[in-house]
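Trainee: Here is my input, please return the structure:
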Amino acid sequence: MGLVVTAPELAPGPLPLREEMLRHGNDHSSSTHAWEAVADGIGWHQPTPSDCRLAPSRTVSVVIPAHQVGYSLPTVLDALDAQHHPYGFEVIVVDDASTDDTAQVAAGHRVIDRLVRLPQRMGAATARNVGTALARGQTVLYLDGDMVIPPHVITDIAARATDTSVLVGFRHNLRHEVHSQDPTTLGRVPALAADHRVVWRPPPNTVLPYSGITLPEPLDGRPLDHTHDFINLGYGHSYYDWDLPRMVVTALVAVPRTAVLDVGGFDAEFGRLGWGMEDTYLGACLIAAGLLVIPLRQAVGFHLDPPDAAQQWQHKLAGWPHTLARYRDLLELPAPRGRTQDFIAAMNNLLTHCEVLP
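Mentor: All right, here's what the predicted structure looks like:
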């Protein structure tokens with residue numbers, strides 16, 4: 001009888017990011033219920049009262065990528081200065097080579113801890129990466145330079161953040177003619193329903209650009225409600241044109257800094273290609289790493305439109321097919337891991353070419 005030689009079993013290679021996400025659920029109910037059990041009667045979605053002295057679970061760094069936001073940045077920074085958070089938090093602005101007074105506004109505001117000016121326009125992904133490298137907080141709140149948040153939001157995040165959660169806020173868009181002509185508008189409570197992730201009415205008989213599906217009839221969609229606060233979007237499930245990574249929007253989202261470093265931060269190529277999808281890709285990477293995406297319904301900010309909002313929106317939409325294609329390509333590559341050292345080295349090298357104000 002001849003000798004039978006069997007080939008050694010090969011260790012399975014890393015899964016593509018798309019497949020890795022299919023292995024993870026998003027049932028965060030035990031996390032939110034556990035927090036409520038020790039929160040002295042405050043609900044998960046309830047604004048933290050100004051007289052509350054809940055100890056923060058984590059320290060917070062606010063990272064603001066800023067390009068041509070001189071029209072809105074003073075109001076954004078004033079809102080951060082008015083937070084009733086009883087503990088310290090850090091604010092970092094990374095100016096993406098603005099030619100307006102963005103840098104001057106940031107440099108003159110007392111709430112700013114660090115201001116960095118990139119040597120040339122590099123995009124919001126790179127600006128956020130630089131801010132993340134400089135951040136000293138355990139949780140990084142990515143806040144856009146046109147997002148004005150209510151005074152309870154920093155405390156809401158600091159008290160609820162963990163090293164395994166992505167905390168998602170929402171935005172209420174205000175046209176420029178509204179917020180510029182009537183500043184009292186900003187004294188109102190932003191409406192949760194103004195966010196498309198909450199109330200969504202897509203056009204019928206039109207190809208939806210993210211999923212490619214076409215809805216034959218009008219839809220009164222409620223993504224947040226109908227997915228039970230995104231719980232039902234785990235394991236790669238979708239709600240029409242929405243999936244879990246797409247719920248991660250950097251206009252207002254808080255993430256563990258170490259997790260962002262481990263996946264290599266935001267992919268800078270998105271900024272070179274056009275607009276959008278860098279936050280969706282980061283969300284996909286964090287989901288594949290096992291983090292839960294949890295909404296904070298009370299964390300709603302006013303998004304302040306620029307004077308040329310219509311032109312900017314058309315320009316953004318024109319570039320979206322390119323960034324979407326980049327995202328689709330990255331989903332087929334292995335889920336990123338262990339990139340902290342390379343990320344820090346790359347950002348430290350870039351910082352040698354930046355103007356950094358202490």
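
Trainee: Skipping adjacent residues, who's closest to Val76 in space?
Mentor: Distance criterion Cβ to Cβ, 6 or more residues apart in numbering; nearest residue to Val76, sequence neighbours excluded, is Val148 at 5.6 Å. Bear in mind the C-beta positions are built from the backbone N, C-alpha and C, glycine included.

Trainee: next one: phi and psi at Val116?
Mentor: Taking degrees, to the nearest 10, you get phi -120, psi 140 for the backbone angles of Val116.

Trainee: what's the answer for Leu167, then?
Mentor: phi -90, psi 120.

Trainee: Which helix or strand lies directly C-terminal to the longest helix seen in the chain?
Mentor: Longest helix in the chain by number of residues (criterion: DSSP state H): helix 309-331. Going down the chain from helix 309-331, the next helix or strand is helix 340-351, by DSSP states H and E.

Trainee: just checking, next helix/strand downstream of that following helix?
Mentor: Next along from helix 340-351, by DSSP H and E: strand 355-357.

Trainee: neighbouring strands for the strand ranked longest in the chain, and are they parallel or not?
Mentor: Counting by DSSP state E, the longest strand found in the chain is strand 292-304. Strand 292-304 has the following sheet partners, assigned by DSSP bridges: strand 147-148 (antiparallel), strand 165-174 (parallel).

Trainee: who are the neighbours in contact with Met122?
Mentor: Contacts here follow Cβ atoms under 8 Å, 6 or more residues apart in numbering; on that basis Met122 touches 96-97, 268, 271.

Trainee: Considering those, which is situated nearest to Arg110?
Mentor: Proximity of the contacts of Met122 to Arg110 (Cβ to Cβ) peaks at Asp96, which lies at 22.5 Å.

Trainee: Counting neighbours, what do you get for that closest one?
Mentor: For Asp96, the count of nearby residues is 25 (other Cβ atoms under 10 Å).

Trainee: And Val356, by the same measure?
Mentor: Neighbours of Val356 (other Cβ under 10 Å): 13.

Trainee: which residues does it bridge with?
Mentor: Val116.

Trainee: got the contact list for Ala268?
Mentor: Contacts of Ala268 by Cβ under 8 Å, 6+ apart are 122-123, 125-126, 129.

Trainee: go on, Tyr240?
Mentor: 202, 208, 211, 213, 215, 219, 221, 223 are the contacts of Tyr240 under Cβ under 8 Å, 6+ apart.

Trainee: Kindly indicate the member of the residues you listed with the most neighbours.
Mentor: Pro223 (22 neighbours).

Trainee: Now do the buried residues in the longest helix of the chain.
Mentor: 320, 322-324, 326-327, 330-331 (16 or more other Cβ atoms under 10 Å).

Trainee: Switch these over to CSV; also include distance to Ala135.
Mentor: Output for the buried residues of helix 309-331, formatted as CSV (distance: Cβ to Cβ, whole Å):
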residue, distance to Ala135
Trp320, 29
His322, 29
Thr323, 25
Leu324, 29
Arg326, 25
Tyr327, 25
Leu330, 24
Leu331, 27
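
Trainee: what's the closest of those to Leu261?
Mentor: Nearest member of the buried residues of helix 309-331 to Leu261, counting by Cβ to Cβ, is Leu330, at 18.0 Å.

Trainee: What residue, apart from its backbone neighbours, is nearest the closest one spatially?
Mentor: Tyr281 (5.8 Å).

Trainee: Would you check that Arg222 makes contact with Asp195?
Mentor: No: contact between Arg222 and Asp195 fails when scored by Cβ atoms under 8 Å: they sit 11.3 Å apart.
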